[in-house]
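Peer 1: fold the stuff below for me.
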Amino acid sequence: MKATEAKLLAFLKKSPQFVIPIYQRTYSWTEKECRQLWDDIIRTGKNDAISVHFVGSIVYIEEGLSQVSHQAPLLVIDGQQRLTTVTLLLAALANALGDEEPVDGFSARKLRNYYLLNPEETGERHYKLLLSQTDKKTLKAIVGGKEQPAEHSIRVTENFALFQELIAGCKGDLAAICNGLAKLVVVDIALNRDQDNPQLIFESMNSTGRELSQADLIRNFILMGLEPVLQTRLYEEFWRPMEIAFGQEAYNTHFDGFMRHYLTVQTGDIPRLDEVYEAFKAHARAIGATGDNVEPLVKEIRDYARYYCAMALGAETDPDLIQAFHDLRELKVDVAYPFLLELYHDYSTGLLSKDELAEAIRLIEAYVFRRAICAIPTNSMNKTFATFTKALKKDRYLESIQAHFINLPSYRRFPSDEEFERDIQTRDLYHFRSRSYWLRRFENFGRKERVSVDEYTIEHIMPQNQELSQAWQTTLGPEWQRVHETWLHTLGNLTLTGYNSEYSDKPFIEKRDMEGGFAQSPLRVNAGLGQLDTWNEEAIKERAARLAKTAVGVWPAPKLAKEIVEAYRPKATIREQYRIEDHPHLQGEALSDLFASFRKEVLALDPCISEEFLKLYVAYKAETNFVDVVPLSKQLRLSLNMRFADINDPRGLCRDVSGLGRWGNGEVEVKLDAHADLPYVIGLIRQSLERQLGSEVAA
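Peer 2: Take a look at the predicted model:
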């Protein structure tokens, strides 16, 4: 490696050409980063006391430091964003200067011939900077003064237009821009292909500007070390089609999330979003997919990316699946994608039929919507869907999905018909995160010709206005304020209309009988309203009860015979049974009351918790043990099933017992010998339970 400080413009002038390798990310600076660079240039250019402004490093590969050909292109490892942005600014400045030269060396001709073009070269060698793919054509058109391609780079064109606008705002005073550009300094870092590891250097760079995405790092990890021919083929055959499938904007916003879901499918573990790259490297090395052996892995990623685009980005082509995925997207259930990727993979290979896939999607939708209506905490769903595939019996695919949903424990449960039907009548649905979703699903249930609810607005039959008219107060009765507060935003009082402004706060009879009123409405959700003579609490409750019964069919629960469900239940290990009487210390005066209080508090943490007496300790379980109790003569020794590093213990009562032989599970031990410490200890136990459930347990 050879590193030297250099003026950026001098560095551009002496270098024959910069080429962005195909494995590098596309140009991604936004207006924010461009404005920051612009402000730095103007501030520096106007202040004679500032001699230089450092803008980062340019890292590139050359064939060998002792035999450098000054005609060979330099492959940029780091610095693309700054090089491209400065090039766009220079191109915009050249257009604005015309015949002017406000500062020596800054004329349109000199800017183009020194920093933007190689005037004596032809073809691609004519350009100082060559980007990759769509970016390349767009930048060449800008620098060469040609018409933009049909498929142009959004970022490149937008930022060029921004600099044109900023320069125009200078009202002809361009000297500050020129002086600021002349003061820009970089660290020129040349790598030797034979002696330096570009991948390790790339990972260690901490450059200014937009942080590299996990997808950028993954693409570079896969492609950077390969021979150029293989590198180009894998990129063009597999990676580039993914970039096109996602689209320029979605690739930047969705690809990291997709890779997280893909890794969850492949490994069963959910990586943190900012640790996707590290998880990918570990996975690739674990399966031996590095170097020349990487092609099967890249192909698999490409296949799963297609599945993801079909489901999450609306690229599906089958009409039935289009609608099912659209409904699921409206619920914003990203945590379900690892499971859905597995389903779609099996659908694409013929293992799962289209009808079974569609029904599975609808079960996921119903599961998520019912839980939202029943106000069950959602944080546990990431673990539910990440581990779902372990329960699949692919020779009985749909049946195994249904059975697993039915057998989920209480905190992960699929709400029953009774629970769902009860809660949907009283839930505030007006402020539900996607109210158009549930109204559309109601309206189109059982229809072959779908109704677009986007043409309608949501209507409160009993008006929202807090100061109800005297007519409405009379209709609702003496307790009109309670009725209004209780039922305003609930299922029974909400509907769809195309006449919202006409309805206003009119009395119910007027809403019913007016032109386009409830009596004339063609919408199914308005069925029956035209036959009512009044709208009061009883009418709201009756309509809510009727719609709730329909909701059970719109979002159906899985149904299987009891014997089938039982066959899928995990078989309990048969072992010797113990009782509390088998623990003498728990019978003694010192511990009996303390243990009674302890077990009552632990079991109250969540309905899913079970208690099991073993020979030497007592286990409390959700999915597995989260706290084990070893009764001693005068105290309870508790083992919390979690890492010691993760426990929050301000009082310092816990002990790290990792690596020590003992009864119980986990690295954390805490002792309890007094009722006064019980609330604090229960707080420690709650942490272990929450880690297992993957969600916060209600207090």
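Peer 1: for this structure, which segments count as strands?
Peer 2: Assigned by DSSP state E, the strands in the chain fall at 2-7, 18-19, 53-62, 74-78, 129-130, 184-192, 457-460, 494-497, 610-613, 618-621, 625-631, 636-640, 655-656, 668-672.
Peer 1: can you redo those strands as a markdown table with mean pLDDT?
Peer 2: Shown next, in a markdown table, are the strands of the chain (pLDDT from 0 to 100):
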| stretch | mean pLDDT |
| --- | --- |
| strand 2-7 | 84 |
| strand 18-19 | 92 |
| strand 53-62 | 86 |
| strand 74-78 | 86 |
| strand 129-130 | 94 |
| strand 184-192 | 86 |
| strand 457-460 | 88 |
| strand 494-497 | 89 |
| strand 610-613 | 88 |
| strand 618-621 | 91 |
| strand 625-631 | 92 |
| strand 636-640 | 93 |
| strand 655-656 | 92 |
| strand 668-672 | 94 |
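Peer 1: turn those strands into JSON lines, including distance to Leu408 and mean neighbour count.
Peer 2: The way it works is simple: take the backbone N, C-alpha and C, and place the C-beta from them, glycine included. Below are these laid out as JSON lines (distance: least, Cβ to Cβ, whole Å; neighbours: other Cβ atoms under 10 Å):
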{"stretch": "strand 2-7", "distance to Leu408": "57", "mean neighbour count": "13"}
{"stretch": "strand 18-19", "distance to Leu408": "54", "mean neighbour count": "22"}
{"stretch": "strand 53-62", "distance to Leu408": "51", "mean neighbour count": "20"}
{"stretch": "strand 74-78", "distance to Leu408": "47", "mean neighbour count": "21"}
{"stretch": "strand 129-130", "distance to Leu408": "54", "mean neighbour count": "22"}
{"stretch": "strand 184-192", "distance to Leu408": "53", "mean neighbour count": "19"}
{"stretch": "strand 457-460", "distance to Leu408": "33", "mean neighbour count": "17"}
{"stretch": "strand 494-497", "distance to Leu408": "30", "mean neighbour count": "23"}
{"stretch": "strand 610-613", "distance to Leu408": "15", "mean neighbour count": "13"}
{"stretch": "strand 618-621", "distance to Leu408": "15", "mean neighbour count": "21"}
{"stretch": "strand 625-631", "distance to Leu408": "18", "mean neighbour count": "24"}
{"stretch": "strand 636-640", "distance to Leu408": "25", "mean neighbour count": "24"}
{"stretch": "strand 655-656", "distance to Leu408": "34", "mean neighbour count": "14"}
{"stretch": "strand 668-672", "distance to Leu408": "28", "mean neighbour count": "22"}
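Peer 1: out of those, flag the one nearest Thr85.
Peer 2: Closest to Thr85 of those is strand 53-62 (Cβ to Cβ; 9.4 Å).
Peer 1: who are the packing partners of the closest one?
Peer 2: helix 31-46, strand 74-78, helix 80-97, strand 184-192, helix 198-204 (3 or more Cβ pairs under 8 Å, 6 or more residues apart in numbering; DSSP states H and E).
Peer 1: Pro228 is nearest to which of the strands of the chain?
Peer 2: Comparing those against Pro228 with Cβ to Cβ, the closest turns out to be strand 74-78 (9.8 Å).
Peer 1: possible to save the helices and strands packed on strand 53-62 as TSV with distance to Ala175?
Peer 2: Shown next, in TSV, are these (distance: least, Cβ to Cβ, whole Å):
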stretch	distance to Ala175
helix 31-46	7
strand 74-78	30
helix 80-97	11
strand 184-192	16
helix 198-204	38
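Peer 1: least reliable of those going by mean pLDDT?
Peer 2: For the helices and strands packed on strand 53-62, the weakest mean pLDDT is recorded on helix 198-204, namely a mean of 57.
Peer 1: domain assignment for the chain?
Peer 2: 2-212, 229-422, 435-554, 580-693 (automatic domain parsing).
Peer 1: worst mean pLDDT among those?
Peer 2: Comparing mean pLDDT across the domains of the chain, the weakest is domain 2-212, with a mean of 85.
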